[in-house]
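Q: Sequence plus predicted model, see below.
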Amino acid sequence: MSARPAAEQTVLAELVDADGQPFEVVEAPEASARVPRSLRDRVAELAARADEPAPAGPRPAPAPAATSSRSTSQPSFIVARLLAERGFWSLTPALQQEFAVDDLRGTLEVIPSQRGLSGGRERIVFHGLVSLWAEGPRDLPEVTTSFHALAQRLGWSWGGRTSADIASALELLTLTGYKFVGEAEPGPFSDMFTLVQRVITWKGPARSSNRHVRIVFNEAIFDYLSDRSVIRRLDYGAVSQIKPQQQLAQALLFFLDAQPGHRPQPGDRLERIERLVDGRLAATLGVKPVLKEFHRLLRTACATVENASARYERVSMEPRRAQRFARNEPRYLLVAVRNRMIKLP
């Protein structure tokens, strides 16, 4: 099997590069059956599928995944690294205007629907779906579950608005668009997508907890999730401890849990994460104030995450050690020290 074309390598490598830090693993092994098709082949296939007749009805729910080798007695909550950063999730989801997030080698444009943008609620629902998918065989880009089972995974108690909140989140995940524009040989390219391609619900009243739902991930997102190195455990207990209005703190916890850490010495129990506190980090977390205001907000968010999560020994903004700084050069580091994370199966 041939390696990925240069343009597709750049899509995966540069879009992931939120803070100038490449992934540990971007390329899949050449012999892997999971190497995705080229961008042109995927577009051609999707165009061909558009001419096929739609199925008569939703697929029957698959057998429970209890026999999966990945099933555990304690359900885990999974976070995907790229999808925890880069401005995919707005802190002002009611915003109706298109905006863009720039990094060194490309631009991610976020295109709202008439119903708004995907925000913090959609981020949690989406990663709940990723968590359910990760415990299964991972061979199909879909999840079949019920509203009640999804609410349980999210730690949400069932109430009068729970069903409506889930349905609205699924709708925004399907409607919010993204466009990545980057440079590659032989020239500029763009990739337009949504996170979820299709949502089918059936069985029971529209607001019933027994409502069944089948989610189909966008093909590009499925290709990304199929690389095991990009999914990590999320401390959802800590997410639940953070108040809904503390959106920056929630975004920061998702971001940190998705990042790989480094150990100063082999065998250390603790690992360390460092990121420059600059405009790219602000955009990664969905914030667009002036940098001085971002410093104030980030300090508060650091303290909130440190208090909420037992995983982190310290989360703080620290001055960089340098004799001189150039004009507009970042002067602070985001530093997180945490207990070493267990790898996913």
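A: Great, that's in hand. Numbering: from 1, shown residues only.
Q: mind listing the helices for the stretch 101-250 of the chain?
A: 120-134, 147-154, 162-175, 219-225, 236-241, 247-258 (DSSP state H, counting those that start in this stretch).
Q: Verify the stated contact: Ser118 with Phe88.
A: Yes. Between Ser118 and Phe88 there is a contact at 7.1 Å, judged by Cβ atoms under 8 Å. In this view, the C-beta of every residue, glycine as well, is placed from N, C-alpha and C.
Q: And the two? Which one has more around it.
A: Ser118 (27 against 22; other Cβ atoms under 10 Å).
Q: what's the residue nearest to the spatial centre of the chain sitting at in phi/psi?
A: Residue closest to the average C-alpha location in the chain (Cα atoms, centre = their mean): Leu83, at 2.0 Å. Here is the backbone geometry of Leu83 (degrees, to the nearest 10): phi -80, psi 0.
Q: Low-confidence ranges, the stretch 201-345 of the chain, go.
A: Applying pLDDT under 70 to the stretch 201-345 of the chain flags the ranges 289, 323, 342-345.
Q: give me that answer again for 90
A: Within the stretch 201-345 of the chain, the segments meeting pLDDT under 90 span 202-211, 220, 227-231, 244-245, 260-269, 278-293, 320-331, 340-345.
Q: Check the stretch 1-150 of the chain too.
A: 1-76, 81-120, 136.
Q: returning to what we had before: deepest-packed of the helices of the stretch 101-250 of the chain, please.
A: The highest mean neighbour count among the helices of the stretch 101-250 of the chain, using mean count of other Cβ atoms under 10 Å, belongs to helix 247-258: a mean of 25.
Q: quick one: buried residues of the lengthiest helix in the chain?
A: When the chain is parsed with DSSP state H, its longest helix is helix 291-308. By neighbour count with 16 or more other Cβ atoms under 10 Å, helix 291-308 contains the buried residues Leu291, Phe294, Leu297, Leu298, Ala301, Cys302, Thr304, Val305, Glu306, Ala308.
Q: who's in contact with that helix?
A: 238-239, 241-242, 246, 248-249, 251-253, 256, 277-279, 282, 285, 287, 289, 312, 314-317, 332, 334 (Cβ atoms under 8 Å, 6 or more residues apart in numbering).
Q: Any chance of TSV for the helices of the stretch 101-250 of the chain, columns distance to Arg269?
A: Converted to TSV, the helices of the stretch 101-250 of the chain look like this (distance: least, Cβ to Cβ, whole Å):
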stretch	distance to Arg269
helix 120-134	26
helix 147-154	29
helix 162-175	37
helix 219-225	29
helix 236-241	19
helix 247-258	17
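Q: who wins for proximity to Arg198 among these?
A: helix 162-175 (7.3 Å; Cβ to Cβ).
Q: Show me the strands in the stretch 51-200 of the chain, by range?
A: For the stretch 51-200 of the chain, the strands defined by DSSP state E, counting those that start in this stretch occupy 78-80, 99-102, 106-111, 142-146, 177-182, 189-193, 196-202.
Q: Can you tell me which of these is most buried?
A: Comparing the strands of the stretch 51-200 of the chain by mean count of other Cβ under 10 Å gives strand 78-80 as most buried, with a mean of 23.
Q: Which secondary structure elements does that one sit against?
A: If contacts are counted by 3 or more Cβ pairs under 8 Å, 6 or more residues apart in numbering; DSSP states H and E, strand 78-80 sits against helix 120-134, strand 231-233, helix 247-258.
Q: Can you add distance to Leu170 and give these back as CSV?
A: Output for these, formatted as CSV (distance: least, Cβ to Cβ, whole Å):
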stretch, distance to Leu170
helix 120-134, 7
strand 231-233, 21
helix 247-258, 19
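Q: do you know which of those lies nearest Ile166?
A: Smallest distance to Ile166 across the helices and strands packed on strand 78-80 (Cβ to Cβ): 6.5 Å, for helix 120-134.
Q: chain center to that closest one: distance?
A: Between the centre of helix 120-134 and the centre of its chain there are 8 Å (Cα atoms, centre = their mean, to the nearest Å).
Q: How about stretch 160-173?
A: For stretch 160-173, the distance to the chain centre is 18 Å (Cα atoms, centre = their mean).
Q: and the closest residue to Gly261 other than its chain neighbours, what does it touch?
A: Computed as Cβ to Cβ, 6 or more residues apart in numbering, the closest residue to Gly261 that is not its neighbour in sequence is Glu271, at 3.2 Å. The neighbours of Glu271, taking Cβ under 8 Å, 6+ apart as the test, are Gly261, His262, Arg263, Val337, Arg338, Asn339, Arg340, Met341.
Q: Lovely, talk soon.
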